[in-house]
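S.K.: Generate a structure from the sequence data that follows.
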Amino acid sequence: MKQLFIMAIAIATLTTTAYANNNEGKYKAPANIVKQDNSYRFADDNKENVTWKTTENFIKATVTKGTETKEIFYTTDGDLLGSSVKMAYDKLPANAITTISKKYQVPYFNLKDCIAYTDAKDKTTYYISFDTPKENVVIEITETGLVNEFSRTYK
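M.R.: Alright, predicted model coming up:
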């Protein structure tokens, strides 16, 4: 169940497109987001630049601070699940870059997104997605650089 939920977050994060704030910039956290963890404080400190989205499975705050956009995920009960931020491919662990470069060669595999997901226990996992003419591939990378194919979907 945990892996399914993380996969849903990873896919949602990797495929999220920007959307307009229907509240015209007004900040309104969902009533059940009351915990004062660091991620909530990050959203609250930047409340002029946050949008909230509630789904059946989680609540997401999208916070823009300067050029960085951070997505913070909560359970529907308001507990922190984790946060994600886009990052540069060359900031991945070096051994992971070597492994990925050998197995997923350009130009056939076109890098789409690279994100760092940090869970509520402060453990970071990296996800990168590739497009090919026939499929989409998501790779999961541990903090130590171990590479695992997370998902593969055919177009």
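S.K.: And the strands in the chain?
M.R.: For the chain, applying DSSP state E gives strands covering 50-54, 59-65, 68-74, 80-86, 110-119, 124-131, 135-141, 147-154.
S.K.: report the angle between the axes of the last one and strand 135-141?
M.R.: Using axes from the mean of the first three to the mean of the last three C-alpha atoms, to 10 degrees, the inter-axis angle of strand 147-154 relative to strand 135-141 is 160 degrees.
S.K.: Now strand 147-154: buried residues?
M.R.: 147, 150-151 (16 or more other C-beta atoms under 10 Å). For glycine as for every other residue, the C-beta is placed from the backbone atoms N, C-alpha and C.
S.K.: Could you do the fifth one as well?
M.R.: In terms of neighbour count (16+ other C-beta under 10 Å), strand 110-119 has its buried residues at 113-119.
S.K.: With distance to residue 100 as extra columns, can I get the buried residues of strand 147-154 in JSON lines?
M.R.: Output for those, formatted as JSON lines (distance: C-beta to C-beta, whole Å):
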{"residue": "147", "distance to residue 100": "6"}
{"residue": "150", "distance to residue 100": "12"}
{"residue": "151", "distance to residue 100": "15"}
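S.K.: Just want the phi and psi numbers for residue 108.
M.R.: Per-residue torsions, residue 108: phi -60, psi -40 (degrees, to the nearest 10).
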